[in-house]
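Visitor: here is my input; please provide its structure:
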Amino acid sequence: MPRDKSENHEKIISAALAEFLEYGFKDASMRRIAEASGMSASGLYKHFPSKEDMFAALVEPTVEGFFNLQREVEGSYYDDIKLDNLEESWSSKGETVKAMEYIYDHLDEFRLIICKSQGTRYESFTHDLAKLEENVTLKYMKELKKKGLPIKDVKKEEFHLLTTVSVEAVFQAVIHDFSRKEAMHYAETLEGFFEPAWKALFGL
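Guide: Numbering: from 1, shown residues only. Presented below is the predicted three-dimensional model:
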């Protein structure tokens, strides 16, 4: 009687997670994953065409969920503009805390993305996120300017560097293996640190 493929798939996912967390993508072994899953290497490739496809299966849903969360936060800022709540339009909405909560709800996946993804398309995750944040913020500032707020012009190169620093700062909690409690306190500290700095930068 053939084995249940879904059961095999779950065994592979579990073994792959452990392997990638231990060795990172580059040094992970499909042979070891196959052995831990109780199957042959050829059987493994019936489920995943490549090692990177396997890595993607572990992290892609988490990446998509994170970007969806970022889009929700972006939408809340634009809602303030539509309602002419301009004084509150650049006030923190706890986005760093929300992001950290999500990260720690999916901590193993973010350990893979941030610390173990070299050699995959996910190794540029923080860079890609910073570029998104940069574009969204500049577009938002343009909208505030249209509403009459005296937004200061910022050098694009400097803003790119500052955005990169702020994004990478969040994920230092993962890199330094903070507990959830430590990470949540750190998220609040980051919000208190960066919010007045951004306001000063744009003259808000």
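Visitor: remind me, longest helix of the chain?
Guide: In the chain, ranked by residue count with DSSP state H as the criterion, the top helix is helix 51-82.
Visitor: just checking, what packs against whatever helix or strand comes next after that helix?
Guide: Per DSSP states H and E, the first helix or strand lying C-terminal to helix 51-82 is helix 95-105. When contacts are defined as 3 or more Cβ pairs under 8 Å, 6 or more residues apart in numbering; DSSP states H and E, helix 95-105 packs onto helix 51-82, helix 156-175, helix 180-202. C-betas here are computed from N, CA, C, even on glycine.
Visitor: relative orientation of helix 95-105 and helix 51-82 in degrees?
Guide: In this structure, helix 95-105 runs at an angle of 150 degrees to helix 51-82, with axes from the mean of the first three to the mean of the last three Cα atoms, to 10 degrees as the basis.
Visitor: what residue ranges in this protein score low on pLDDT?
Guide: For the chain, applying pLDDT under 70 flags the ranges 1-5, 75-93.
Visitor: 80 instead, please
Guide: Scanning the chain for pLDDT under 80 picks out the ranges 1-7, 73-93, 143, 147-149, 204.
Visitor: let me have the helices and strands packed on helix 95-105 in TSV, adding mean neighbour count and distance to Tyr45 as columns.
Guide: TSV is the format used below for the helices and strands packed on helix 95-105 (neighbours: other Cβ atoms under 10 Å; distance: least, Cβ to Cβ, whole Å):
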stretch	mean neighbour count	distance to Tyr45
helix 51-82	16	10
helix 156-175	16	31
helix 180-202	15	37
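Visitor: now Ala15: closest residue in space that isn't a chain neighbour?
Guide: Distance criterion Cβ to Cβ, 6 or more residues apart in numbering; nearest residue to Ala15, sequence neighbours excluded, is Ala36 at 3.7 Å.
Visitor: what's near enough to touch that neighbour?
Guide: Neighbour list for Ala36: Lys11, Ala15, Ala18, Glu19 [criterion: Cβ atoms under 8 Å, 6 or more residues apart in numbering].
Visitor: which one of those sits in the busiest neighbourhood?
Guide: In terms of neighbours by other Cβ atoms under 10 Å, the contacts of Ala36 top out with Glu19 at 23 neighbours.
Visitor: now do the contacts for Lys11.
Guide: Taking Cβ under 8 Å, 6+ apart as the test, what Lys11 contacts is Ala36, Ser37, Gly38, Met39.
Visitor: hmm, 10 Å instead?
Guide: Contacts for Lys11 (Cβ atoms under 10 Å, 6 or more residues apart in numbering) come out as Arg3, Ile33, Ala36, Ser37, Gly38, Met39, His47.
Visitor: quick one: which of those residues sit in strands?
Guide: Assigned to strands by DSSP state E, none of the contacts of Lys11 qualify.
Visitor: which one of the residues you listed is nearest to Arg111?
Guide: Comparing the contacts of Lys11 against Arg111 with Cβ to Cβ picks out Ile33 as the nearest, at 17.3 Å.
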